[in-house]
Structure formats: C-alpha cells, structure tokens
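Peer 1: Any chance you can model this:
(2 chains)
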Amino acid sequence: MYTLALLNGGVGSRVAAGQPKQLIRVNHIPAMVYPLIAVDEIDEIDQIVLNYPDGWRDAIEKVVADYAIKTPITYAEAGATRHESVSKMLDLCSNDHVIVHETARPLVTADDFRQLIADEHENVSYMLDIPFTVAPVNPESRRVTGSLERSLLRNVQLPQKFRKQTLVDGHAYATAKDLTFTEDATLCAVAGADVFFLPGKDSNFKITTKTDVRLAGYLLAGDDEDE
Amino acid sequence: MSKTLMVTGASKGIGLATVERFFQADNDITDFVLLARASDEFTEAEAELRANNPHGKTLTCYQIDLFDRDAIEPLMTEIMERHGSVDLLVNNAGFTAPAPIHEIEFSDFERTIGVNLYAPFIIVQKLLHLGNQFDYIVNVASTAGITGRSGWLTYSSSKAALIAMSQVLKEELAIYGTRVVTISPGRCATALRRKLAPDEDPSTIMQPEDVAAAIDMLTSPVGRYVDSENLVVRL
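Peer 2: You can find the predicted model right below:
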C-alpha cells in the first residue's frame, strides 16, 4: 500500500498575494481538491499526509470536510524548506511506499496515479520531454558556457513514487552534503538510488502564474472539447 | 452493480411515472427511495408498486415536506445510513401558486423557491458532504424557466434558477464523473399543470410517462450525446 505525501506548504505569492498555493482556486474549486479526489478512488493509496502552512490548518481541514475526502488524512505542519517539509511528512507516512505530489498540479488524473503505481520499478517519476533548447550559462557574466543535449534532459514532474527508505536516505544524504534540491527524483538519484521515469503529459503542468490558473480552468472545464 | 435511485415528488405525476418506469424495468437499479409529502396518493402509489414488483426490487418511502429545510439534512443522513449511497437522483418535486405580481403572497414565493430550488440544492450539498458520489442527477426544470407567462412569476423564476444551478453543477461535479442532466418539460398532464392552466384538457397534452421516457433516454448511454444542454420536451 502507498501513502500519498501531498505537498501543500508553499505560499503562492506569484499567483495570489497572501493566499497559500493550495487554497488557490481553479474554476472556483480549491486546487488541492483535484488531486485529493483523484486519489480518493485508488484503493492502493490508504493514507494521505497533507501539509499545511502555519495558521492554515483549519482552512485546509474545512476543505477536506466539505469535499468529503474519504482516504484517511494525516496533517503535517509545513517546514521552512521543501526538504524540511518532506522530512516531517515522511515521519508520518505509515506505508513503506510513498507517492509525492503537489497541490499545484491539479490536472493530475487518477489514471496517472494508477500508472505510476503499476510501474515495475520502486522509484519512479513522471518526466516530460523538453521541446525547447536549454543552455548552461554564467548568470553573472551572462556568458554561455556550453551546450546541453536536450534528448538527455527531462522536465521533472510530479507525482513520483519512492520506497520510503530511499527518500529518507536521500534527504539524509542531501543534509549531510549541504545540497539543496527542488524535487526528490534527482535528489534520490544523486544520493545513489535507482530512479526511473515514465513519460509525463504536458497537461500536468504546475500552476505558478495567474495565466496557469486560467489555462488549468479552461482545460478542467473541457472547454477545449468543442468543435 | 446494484444502484439506488432517489426521486423527490414521487407520489404522482412525472416523479411517480419515472419511478414506475425504472422500477418495472429489468435493470441494475434495485433500490428505490421515494420522497413526497404524506398523502393518500403516496400511500396508494407505494401499495401499487409493492403489488407489482416483478424484479424483486426494494422500495422505501419517506414522507417529507421539502419546504421544511430543517428536515432535509437529517433525512439525507438517515438515507445514507440505510441505503449506503444515492447513485441516481431525480429532483422532481415542484410547487406553484400562480398569481400576477400584484397578488403574489410572499409566503407563496418563498415556498416555490424553497421546494423548487433550495430543496434540490440542500439535498445535493448534504449528500456530497456525506461523501456520496452520484452517477447522475436529473433536475426536472420547465419550459416556464425559459419563457415567462403572465401569472407564472414565482414558478418561472424558480425554474430559471434551477436551470442555471444545473449548469453550474454539471461543471463542478464533473470531477466526480457525475452527469447532471436538466430536462424542461413543456405542457404535461400533472396536478401542477392544472394549477397553471386550469381550463386545459389534460388528455390533449404530453403525459408524465412521456417525460419519464425522456429521462430514461437521458440517463442511458446515448443520453451523453444530448445532455450538454437543458433538454426541452414538449408536444
């Protein structure tokens, strides 16, 4: 069985001033509700660990109650950093396998979770081809320092699944080496674990701007399905 | 898989015709929950259904006045405890007291909105809060909600609001895969129609069984292709 660690702590200042990102609404429905409902129908996920920014627990619990989420939820206070948040959540995960997702990706589907769970490997992330060219640069001198082969690069997405101990070890490694990562697949890989990827979808994008919110709303409403 | 169907205003007219149509069919809807005010008609309808139950379906009748807001939520809790879920819901109960604006009693306007709009809202919201996930919800609106006629101010207003509410629910409940279907019958031979048009010969207009057949079609697989809009059925 799996625990879903649903990352929820970041304040989305770029999307709406003062509002935590998880309370950002897409089509007036809190963004966090979409992944919660998607997961609610998956039998293999029997626990959700949901973190909340300081002062927002009541608001988060009300959303969970209003939308009658059935999967048992354990609440975790968000840490000062992403590392700290994930570490706090891992302490509360009761299963040996953990799926990491973030509420800022509301277009994730139940089938995305099912496909991830069904993958033969234990540590797997959705990753997307990069359709554009990225270059290594020195930001200070603005000098281009080389080139990168984009066929060997991927856009890292969530959800991801890990053996819980792999995540624990990865975070311990990063702490010991004073390394900072913005997601866990590369963290675990750098720490020495075997991590694999599944092809992601461009629709499963992360909401980071007001335009993203509008685009997500458009797609979730099926407004692109008319002739 | 066995399904539970709940119909409001199930003692007569379109509500009862809908119950009878699904009750007599050999389908996966095996549990029937009927809501209506206490009346001889309701008692007789229940007795007739029990006497003619070829597929051994279960039937439970609950007496409620849907204008009594405080009674709806506890009843929904009881229904969820007894039946486990409400897979299919037909919001059919309707009230009207036709009068021109100069003569409308505000209490009649309140009752019309209470039964025709607030009750479906409270039923759906409470069942959602209780964790129910609907396969589909049918809201029985009316052509009166599209085109007003003299004397129908309260009724037309309530049905127009119900049509709008249905459009919103269709979008909001899509995340559960719930289909929200809106049907607007035109002239149909019901007790309510007799209030709206007392001089009309009911045998010359659409019958409740015809609307029930349209609801059957809307809730069938092919209904997916025609349920994107409020469906008008009229002679």
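
Peer 1: wait, what's in contact with the closest residue to chain B within chain A?
Peer 2: Closest contact between chain A and chain B, by C-beta to the nearest C-beta, is at residue A:68 (3.8 Å). Using the backbone N, CA and C atoms, a C-beta is placed for each residue, glycine as well. Taking C-beta atoms under 8 Å, 6 or more residues apart in numbering or on different chains, we find residue A:68 in contact with B:128-132.

Peer 1: can you map out the helices along chain B?
Peer 2: For chain B, the helices defined by DSSP state H cover B:13-24, B:40-51, B:69-83, B:106-113, B:119-129, B:153-172, B:191-196, B:208-218.

Peer 1: I'd like those as JSON lines, with distance to residue A:113 appended.
Peer 2: Output for those, formatted as JSON lines (distance: least, C-beta to C-beta, whole Å):
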{"stretch": "helix B:13-24", "distance to residue A:113": "34"}
{"stretch": "helix B:40-51", "distance to residue A:113": "43"}
{"stretch": "helix B:69-83", "distance to residue A:113": "27"}
{"stretch": "helix B:106-113", "distance to residue A:113": "42"}
{"stretch": "helix B:119-129", "distance to residue A:113": "22"}
{"stretch": "helix B:153-172", "distance to residue A:113": "22"}
{"stretch": "helix B:191-196", "distance to residue A:113": "47"}
{"stretch": "helix B:208-218", "distance to residue A:113": "32"}
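
Peer 1: most tightly surrounded among those?
Peer 2: Counting by mean count of other C-beta atoms under 10 Å in any protein chain shown, helix B:13-24 has the highest mean neighbour count of the helices of chain B, with a mean of 23.

Peer 1: So what does residue A:162 have for phi and psi?
Peer 2: The phi and psi torsions at residue A:162 (degrees, to the nearest 10) take the values phi -150, psi 150.

Peer 1: neighbours around the closest residue to it other than its chain neighbours, how many?
Peer 2: Among residues not flanking residue A:162 along the chain, residue A:123 sits closest, at 4.9 Å (C-beta to C-beta, 6 or more residues apart in numbering or on different chains). Residue A:123: 22 surrounding residues under other C-beta atoms under 10 Å in any protein chain shown.

Peer 1: And residue B:233, by the same measure?
Peer 2: Quick note: residue B:233 (other C-beta under 10 Å) scores 18 neighbours.

Peer 1: So residue B:188 is in contact with residue B:207, correct?
Peer 2: Yes: between residue B:188 and residue B:207 there is a contact under C-beta atoms under 8 Å: 7.0 Å.

Peer 1: Tell me which of the two has more neighbours.
Peer 2: In this view residue B:188 and residue B:207 are compared by other C-beta under 10 Å, and residue B:188 has more residues nearby, 24 against 17.

Peer 1: who's that one bridged to?
Peer 2: On the basis of DSSP bridges, residue B:188 is bridged to residue B:206.

Peer 1: Show the contacting residues for it.
Peer 2: Residues counted as contacts of residue B:188 (C-beta under 8 Å, 6+ apart) are B:13-14, B:205-208, B:210-211.

Peer 1: biggest helix in chain A, by residue count?
Peer 2: When chain A is parsed with DSSP H, its longest helix is helix A:164-177.
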